[in-house]
Structure formats: C-alpha cells, structure tokens
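[1] Provide a 3D model corresponding to the input given below.
(one chain, ligands or ions: 1)
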Amino acid sequence: MRFDVITLFPAMVRSVMGHGVIGRAIEAGRIELVTWNPRDFSKDRHGTVDDRPYGGGPGMVMKVEPLREAIQAARAAAGPAPVIYLSPDGPTLDGDRIGALAAQSRVILLCGRYEGIDERLIELEVDARLSIGDYVVSGGELPAMVVMDAVARLVPGVLGHAESAAQDAFAEGLLDWPHYTRPETVAGLDVPAVLTSGDHQAVARWRLQQALGRTRERRPDLLEKRGLNEEEQALLDAYRVEHGN
Ligand code: SAM
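    Numbering: from 1, shown residues only. This next block holds a predicted model:
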C-alpha cells in the first residue's frame, strides 16, 4: 500500500509514522510513505503557498497552483490514485471507510492548513473528503496520520498474528474485551479467574461475553446494527444478569 501525503510539514508526518508497528511496516516495505511539500512547487523565491482570502476576514487560504502541481507530481510518480482531502466538512471516518481505503493500492492524502484550501483546487483535484470528527484541528496532518495508521493495520503482513486486526474493536462489530497482564493481583484487584484457568474455550467464551456486554453498555447502536446469534444472545443475557443490568 502506498500513501502520498501532500503536506507543508513532511518531517512531522514521516517522523510520527516512523514509530511502532507502522514504522516497522514502512521499513519492511509493506507500506510506502511519500511526502510532497507544496512549497517545493511554489513559483516565487519565498516559497509562498498561501494568500489573503477574497472577501476579507481573518487568516490565510492555501493557493491553488502549488497544491495542484504537488498533486499532479504525486500522480505522475506512481499513476492514478484517489485524492482525499482531510476536512471537517467531509463524512466522518469509520471502519467501513477505512476498509474501503485499505482495498486500494494507493491513495493521495491532502492536508490543509490555515483557514483551508481555495475551493477551486478541491473542485479540480479532490475525489473525496474525510473528517476525523466534529471539531477542528490545526492541520490535515494528524487526520491523515489517523487514516494511514488505521488503513495500514488492515494491510496483510503489517500486524503480526498476535496483534491481528481481526481481534481489534469494531472488527466483529463489537467493542474490545478487557485485557490483563502480570501481576495477578494489583491493589487488591485480581485478574478474572477464567483467564488463568488454561481452558481456552472458556477464555474465548468469556471474552466474547465481555465484548457483547460492554458493547451493549457503551455503544448499544453497534449491537442494533449487528444483531446477535442465539449463542451470543445467551451470553449477553447471562452477562446482564451477572452485572444487574
Ligand atoms: N476553517 C476551517 C473550518 O472551519 O472548517 C478549518 C481549517 S483547519 C484550521 C486547517 C486544516 O486542518 C483543514 O484544511 C483540514 O485539512 C484540517 N482539519 C481540521 N479539522 C479537521 C477534521 N476534523 N477532520 C479532518 N481534517 C481536519
């Protein structure tokens, strides 16, 4: 999977993405990360990429030309790819949208700064918008990195078996179950006995039950969307009795 990121802060993107499991995937060549700085495509010696907004008002707006040339250079380097503008007015990122992106071999992520980007650049070059939520951050870099990290986790070979994305929250339409590690007792709190029983089937049942119970308590909308089979319903009923809810 290849990500081309159009950003005024390429060092920030490369540095953050260079850590942990995604950093290892980049080193191993499973993920390719290429950055394009619109300043390198500016025609003046100051590397100007922004200007005052028509109609007045505070802040600056990113200009069409340097961004357009950066996007076109990214396309020319590795062939056509959808251009996604990280923007608060896009549809909100979720597992389905991440899954759809992971099915692509390449995406170009466009990061805005300042008050945003000249609308004509969006009309000319952008295929889709994506938001990370109903709030505003200072630039598209963090949202782009959220997208890349979540998509990369679905790319075969990026996660080892032990970290498999199939076990992540939302993979089965459920939240994750609780996790514990040594020591067995912390501040008077014990690890649930089933986890030290050595009974793998009982552990699997308990984890599914916890995932079902927590999803019902914290995100009932997910359960409604997903539905339950008979065994899951029985586990959930038992969980509710145990937790008095
Ligand atoms: N004036 C814009 C508005 O009110 O929608 C906010 C511009 S913001 C300071 C600068 C850039 O950050 C945007 O162009 C976009 O690329 C990115 N950004 C900010 N919030 C975002 C969000 N929730 N999701 C995705 N990108 C976001």
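[2] Show me what the top helix by length along the chain is packed against.
    Using DSSP state H to define each element, the chain has its longest helix at helix 200-218. On a contact count with 3 or more C-beta pairs under 8 Å, 6 or more residues apart in numbering; DSSP states H and E, helix 200-218 meets helix 220-226, helix 230-243. (Each C-beta comes from the backbone N, C-alpha and C, glycine too.)
[3] which helices and strands does the shortest one pack with?
    Of the remaining helices and strands, those touching helix 220-226 by 3+ C-beta pairs under 8 Å, 6+ apart are helix 200-218.
[4] For the helix it packs on, report the contacting residues that lie outside it.
    Outside helix 200-218, the residues that touch it by C-beta atoms under 8 Å, 6 or more residues apart in numbering are 172, 174-178, 192, 194-195, 197, 222-223, 228, 232, 235-236, 238-240, 243, 245.
[5] Of the residues you listed, grab the buried ones for PyMOL.
    A single PyMOL command selects the buried members of the contacts of helix 200-218 (16 or more other C-beta atoms under 10 Å):
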select buried, resi 172+174+175+176+177+195+222+223+232+235+236+239
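[6] coming back round to it: residues of the longest helix of the chain that come out buried?
    Neighbour count says helix 200-218 has Val203, Trp206, Arg207, Leu208, Gln209, Gln210, Ala211, Leu212, Gly213, Arg214, Thr215, Arg216 buried, by 16+ other C-beta under 10 Å.
[7] The ligand contacts on the protein?
    86-88, 111-113, 115-117, 131-133, 135-140, 143 (C-beta under 6 Å from any ligand atom).
[8] Take these and keep only those in strands.
    Secondary structure from DSSP state E places Leu86, Cys111 of those in strands.
[9] how much space between Arg75 and the ligand?
    Distance of Arg75 to the ligand, given as C-beta to the nearest ligand atom, to the nearest Å: 19 Å.
[10] from what I can see that residue touches Leu110, true?
    No: with contact defined as C-beta atoms under 8 Å, Arg75 does not reach Leu110; the gap is 12.0 Å.
[11] picking that back up, just send the helices and strands packed on helix 200-218 back as a markdown table, with distance to Glu32 and mean pLDDT too.
    Shown next, in a markdown table, are the helices and strands packed on helix 200-218 (distance: least, C-beta to C-beta, whole Å; pLDDT from 0 to 100):
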| stretch | distance to Glu32 | mean pLDDT |
| --- | --- | --- |
| helix 220-226 | 33 | 95 |
| helix 230-243 | 40 | 97 |
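[12] List the contacts of the residue in the chain positioned nearest to the ligand.
    The ligand sits closest to Gly112 of the chain, with a gap of 2.1 Å, by C-beta to the nearest ligand atom. When contacts are counted by C-beta under 8 Å, 6+ apart, Gly112 touches Met62, Tyr85, Leu86, Ser87, Gly139, Gly140.
[13] what sits against Asp134?
    Asp134 neighbours (C-beta under 8 Å, 6+ apart): Pro88, Thr92.
[14] Could you do Ser105 as well?
    Neighbouring residues of Ser105 by C-beta under 8 Å, 6+ apart: Met1, Arg2.
[15] Next one, pLDDT for it please.
    In this model, Ser105 is scored at 96, pLDDT.
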